[in-house]
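*Asks:* Can you look at this prediction? I've put the sequence above it.
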Amino acid sequence: MDHNDQIDPELIEQIEQLRKTPPRDPQTASVQRAIFLAEARTAAKSVPPSPIQRLKEWIAANTTFRIPEKQKGVSMLSTVLTLFVVLSLAFGGGTVAAAQASMPDDALYQMKVWSEDVRISISNDQESQLQLALTFAARRMAEIQTMLQAGEIPPQAVMARLQEQLQQALHLAVNMPEEQSQAALQQVQTQLQIHNQTMAQLQQTQNDDPALLKVREQTQAMLQEQLQLCQDGAEDPQWLREQLRIREQDQIQQQLQDELQEQNQNQSQSQNGNLNQNQNQNQNQSGDLNQNQNQNQNQNQNQNQNQNQNQNGTPDPAPTAAPTADPGNGTGTGPGDGTCPNCPSGDCTCDGTGPTDSNGNENGNGGKP
Amino acid sequence: MDLPSDDELLAQARRFDLASITAIYDRYNNGLYYYAVRLLGDTALAEDCVAETFSRLLKTFRNGGGPKENLKGYLYRSVHNWVTDHYRRKPTLELDLYSELPDPDDDPCQQTEQNITRQNIRTALEKLTPDQRHVITLRFVEGWDIAEIAESIRKPIGAVKSLQHRALSSLQRFLLEAEKV
């Protein structure tokens, strides 16, 4: 039976109205491209060349939870596990047990943190992972609270770990099956409220040095932010997933920017060294003074240019331009120019982006049957 | 110089070759974006959809998976699945008459009428099954031929034609019902 015989042209015309779309904002497209490329570069760094190794990592990655800051640690999972086993054998289970009561400034604290990582890693179901993440976040809160009460400033790593574990709990809760997700988010929310209340009470009872006050305020602000995320996420889980994904991308970008800044700083420092050397040489040399001065000026200019680039914080040394009018870019035209090479009459309503063939070239016939 | 084929790019991208991954992005991101806009009627959501589609593709490559052929079909299917999930989460689309004004010189009345028609079509499409919606949008909005769609959704050509036939009948019914309301 030829189904095309029964197609109502009026209906097709109505459906085809969907083709008319506003042009894409080139700036947004450019930003999205830059984010994607940054993500790809970061992911490429950690891709092992061997497919077998990749398979092993895939298995590891799918039996453990990954969060942005932990991504580097995923490839170290086996190392951590091995160390844990070796240390457990060397010192006996008692050491690990003793480490559980340690504080951030104790020697055994790292053991405590490792044991937590391992417990989450070897836990297979999301529910157990969530409970562990919440338990460990509660431990971090207790540590921070104890240190603040003792007038000590908790290490930044502990604060970061608390945030990480709370975010991990949120991630696990929102990605559970729909029927469990709401209850899990509620549980995270309750715990966050308790933490928030504890921190507020601590602020009321203590009135001491500004450094401690600052830490308390930072912690409370972070808790409130997580609480807000959780509350909004309970109403719109997809939004929360998106927020967590954006945070992950931001963290990747931040890492890249930090690396670039570090590289630029190193380059600037080496150029400074050369500059000083030349200055010394100029002082010593009696000949061709003007020429050396010119060279120094050029170097200064280069140095300034580098500094300007650093201040601009450009994440990519090669500027990421908006997709161009490359016939292979899937549009056939540049974004948003609204012209269609297949509609010479100029009255076509397509945006030049529509029907494409397998090579990304635009198909002007509109695919009418 | 001939541009590399999708299969060539895919083979390289699966080995995490950055140039090939970039080429795939440049080749398809605009097409996918406009496909998402047409389905969703919301440019911001469409940007999110495309970003997530490519992000998932990267993760799939990173985990040693991903498509081995028919990259285009895979990407459009990913976008369609994202949109389907979105429909499930928010069954009623908000009618935003001003989000789609393409040209300030056009007649506002006509524009509004076109926007309402488009929104009605989207609402009717939303009521189709995911496969039916995928076939209709690829066929009549993106302009693919039946064979391409069959390859993309991995169904025989006859099955695609049947899906299209049933989808068009349902669409017509839904639109008539909407007119009565």
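*Replies:* In hand now; what should we look at?
*Asks:* Give me the residue at the spatial middle of chain B.
*Replies:* Central residue of chain B (CA atoms, centre = their mean): B:Tyr35, 4.2 Å from the mean position.
*Asks:* contacting residues for it?
*Replies:* Taking CB atoms under 8 Å, 6 or more residues apart in numbering or on different chains, we find B:Tyr35 in contact with B:Tyr76, B:Val79, B:Thr137, B:Val141, B:Glu142. All C-beta spots, glycine's among them, are computed from the backbone N, C-alpha and C.
*Asks:* Kindly recompute the last result at 7 Å.
*Replies:* The neighbours of B:Tyr35, taking CB atoms under 7 Å, 6 or more residues apart in numbering or on different chains as the test, are B:Tyr76, B:Val79, B:Glu142.
*Asks:* which one of those residues is nearest chain A?
*Replies:* Chain A lies nearest to B:Glu142 out of the contacts of B:Tyr35, by CB to the nearest CB, at 5.7 Å.
*Asks:* So what's the residue count around that closest one?
*Replies:* By other CB atoms under 10 Å in any protein chain shown, the residues close to B:Glu142 number 22.
*Asks:* go on, A:Pro210?
*Replies:* When neighbours are counted by other CB under 10 Å, A:Pro210 comes out with 8.
*Asks:* out of the contacts of B:Tyr35, which touch chain A?
*Replies:* B:Glu142 (CB under 7 Å from any CB of the partner chain).
*Asks:* Which strands and helices lie in contact with the helix or strand of chain B with the lowest mean pLDDT?
*Replies:* For chain B, counting by mean pLDDT, DSSP states H and E, helix B:108-127 ranks last in confidence among helices and strands (a mean of 82). Using 3 or more CB pairs under 7 Å, 6 or more residues apart in numbering or on different chains; DSSP states H and E, the elements in contact with helix B:108-127 are helix A:9-16, helix B:157-180.
*Asks:* One more pass at 6 Å, please.
*Replies:* With contacts taken as 3 or more CB pairs under 6 Å, 6 or more residues apart in numbering or on different chains; DSSP states H and E, helix B:108-127 sits against helix B:157-180.
*Asks:* got the buried residues for the helix it packs on?
*Replies:* B:160-168, B:170-171, B:174-175 (16 or more other CB atoms under 10 Å in any protein chain shown).
*Asks:* and what of stretch A:217-230?
*Replies:* A:Thr219, A:Gln220, A:Met222, A:Leu223, A:Gln226, A:Leu227, A:Leu229, A:Cys230.
*Asks:* Pull up the residues of chain B that are close to chain A.
*Replies:* Contact residues (CB under 6 Å from any CB of the partner chain) of chain B with chain A: B:3, B:16, B:18, B:21, B:25-28, B:30-31, B:33-34, B:37-38, B:47, B:51, B:54, B:58, B:62-64, B:72, B:89, B:102, B:117-118, B:121, B:140-143, B:161, B:165, B:172.
*Asks:* Among those residues, name the buried ones.
*Replies:* Among those, the ones that count as buried by 16+ other CB under 10 Å are B:16, B:21, B:25-28, B:30-31, B:33-34, B:37-38, B:47, B:51, B:54, B:58, B:62-64, B:72, B:102, B:117-118, B:121, B:140-143, B:161, B:165.
*Asks:* Work out for me the element residue 30 sits within.
*Replies:* The chain I'm using is chain A. Using DSSP states H and E, A:Ser30 falls within helix A:26-45.
*Asks:* Can you look at chain B instead?
*Replies:* helix B:18-40.
*Asks:* Could you tell me the angle between the helix or strand that comes right after that helix and helix A:26-45?
*Replies:* Per DSSP H and E, the first helix or strand lying C-terminal to helix B:18-40 is helix B:43-62. Angle of helix B:43-62 versus helix A:26-45, following axes from the mean of the first three to the mean of the last three CA atoms, to 10 degrees, is 20 degrees.
*Asks:* Contacts for helix B:43-62, please.
*Replies:* For helix B:43-62, contacts defined as CB atoms under 6 Å, 6 or more residues apart in numbering or on different chains pick out A:28, A:32, A:36, A:40, A:43, B:14, B:16, B:25, B:29, B:32-33, B:36-37, B:40, B:66, B:78-79, B:82.
*Asks:* same question for that helix, mean pLDDT?
*Replies:* Mean pLDDT, helix B:43-62: 90.
*Asks:* now that helix against helix B:18-40, angle please.
*Replies:* Angle, helix B:43-62 to helix B:18-40, by the same axes, to 10 degrees: 140 degrees.
*Asks:* Centre of the chain to helix B:43-62, how far?
*Replies:* 13 Å (CA atoms, centre = their mean, to the nearest Å).
*Asks:* Need the phi and psi values for the nearest residue to B:Lys68 once chain neighbours are set aside.
*Replies:* Nearest residue to B:Lys68 in three dimensions, chain neighbours excluded: B:Leu10, at 7.0 Å (CB to CB, 6 or more residues apart in numbering or on different chains). Main-chain torsions, B:Leu10, degrees, to the nearest 10: phi -60, psi -40.
*Asks:* what's the spacing between B:Leu10 and chain A?
*Replies:* Using CB to the nearest CB, to the nearest Å, B:Leu10 is found at 12 Å from chain A.
*Asks:* Low-confidence regions, chain B specifically.
*Replies:* Counting by pLDDT under 70, chain B contains low-confidence ranges at B:1, B:90-106, B:181.
*Asks:* Show me the domain layout of it.
*Replies:* Domains of chain B are assigned by automatic domain parsing as B:1-91, B:107-181.
*Asks:* Switch those domains over to a markdown table; also include distance to A:Asp258.
*Replies:* Output for these, formatted as a markdown table (distance: least, CB to CB, whole Å):
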| stretch | distance to A:Asp258 |
| --- | --- |
| domain B:1-91 | 20 |
| domain B:107-181 | 41 |
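*Asks:* Now do the SS call for the residue nearest to A:Gln168 when sequence neighbours are not counted.
*Replies:* Closest residue in space to A:Gln168, ignoring its immediate chain neighbours: A:Ala133 at 4.7 Å, by CB to CB, 6+ apart. At A:Ala133 the chain is in helix, as set by DSSP: H, G, I helix; E, B strand; the rest coil.
*Asks:* A:Ala133 is in contact with A:His171, isn't it?
*Replies:* No: A:Ala133 lies out of contact with A:His171 (CB atoms under 6 Å); the separation is 8.8 Å.
*Asks:* Comparing the two, which shows the higher neighbour count?
*Replies:* Using other CB under 10 Å as the criterion, A:Ala133 and A:His171 rank with A:Ala133 on top: 26 against 23.
*Asks:* Let me see the contact set for the more buried one.
*Replies:* A:Ala133 makes contact with A:Gln165, A:Gln168, A:Ala169 under the criterion CB under 6 Å, 6+ apart.
*Asks:* Low-confidence regions, the stretch 151-300 of chain A specifically.
*Replies:* Within the stretch 151-300 of chain A, the ranges that satisfy pLDDT under 70 run A:203-208, A:270-300.
*Asks:* Could you list the residues of it in contact with chain B?
*Replies:* Within reach of chain B by CB under 6 Å from any CB, the stretch 151-300 of chain A has these residues: A:Gln238.
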